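Student: pasted the sequence and its predicted model underneath.
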Amino acid sequence: PAPFRQVGTNLTDLRLPRKATVRELGGCMGPIWPSYYGECSALMFVVDAANPSQVSNSCVQLLSVLSAAQLASVPVLVLFNKIDLPCYMSLAEMKSLFRMQDIVSCATQPITMLETSARDGTGLADVLQWLRAALGDPR
């Protein structure tokens, strides 16, 4: 079924096998993100690995999310997406640009990083496995 549409957000229900609702909030919606933190059980932060001009902005947004008190213990998955494109930056390059080692060592949340391609499905099984574990679903 098509996801329910709201202004600026998309909701999609997944069965993991327990039902989980995924809310998508685009980067331009950053100012309203905190209004959704209270209902957040797990966080997937998607970065365009094929757009180096957005790295610094994405990093600032990630740091802002990680510093939010309501998300202090919420598991975080950072997805470096669009690895199907020839110009994508590798996981090692992205970790270096984001200074992920420093971010992980300072964060209160458990942070996992994966490479994905939403277009061809690369990494999707790992994302679903992480989501099941983060939400406490058996499997």
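Tutor: Cool, the structure landed.
Student: tally up the residues packed near the residue nearest to Thr116 when sequence neighbours are not counted, please.
Tutor: Distances taken as C-beta to C-beta, 6 or more residues apart in numbering put Gly123 closest to Thr116, at 3.6 Å, once the chain neighbours are dropped. All C-beta spots, glycine's among them, are computed from the backbone N, C-alpha and C. Using other C-beta atoms under 10 Å, Gly123 has 18 neighbouring residues.
Student: where do the strands of this protein begin and end?
Tutor: 4-6, 9-15, 19-25, 43-48, 76-81, 111-115 (DSSP state E).
Student: need the winner for burial among those strands.
Tutor: strand 76-81 (a mean of 22; mean count of other C-beta atoms under 10 Å).
Student: mean confidence for that strand?
Tutor: Strand 76-81 shows an average pLDDT of 94 in the prediction.
Student: repeat that for stretch 96-109.
Tutor: Rounded mean pLDDT across stretch 96-109 is 92.
Student: could you do stretch 62-70 as well?
Tutor: 95.
Student: quick one, helices of this structure?
Tutor: Listed in chain order, the helices of the chain (DSSP state H) span 55-66, 91-98, 100-106, 124-134.
Student: looking at the strands of the chain, which is nearest to Gln101?
Tutor: strand 111-115 (10.6 Å; C-beta to C-beta).
Student: which elements pack onto the closest one?
Tutor: strand 76-81, helix 91-98, helix 100-106, helix 124-134 (3 or more C-beta pairs under 8 Å, 6 or more residues apart in numbering; DSSP states H and E).
Student: which residues touch the residue nearest to Thr116?
Tutor: Leu79, Ile83, Leu114, Glu115, Thr116, Ser117 (C-beta atoms under 8 Å, 6 or more residues apart in numbering).
Student: just send those back as JSON lines, with distance to Gly30 too.
Tutor: Below are these laid out as JSON lines (distance: C-beta to C-beta, whole Å):
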{"residue": "Leu79", "distance to Gly30": "17"}
{"residue": "Ile83", "distance to Gly30": "24"}
{"residue": "Leu114", "distance to Gly30": "22"}
{"residue": "Glu115", "distance to Gly30": "23"}
{"residue": "Thr116", "distance to Gly30": "21"}
{"residue": "Ser117", "distance to Gly30": "24"}
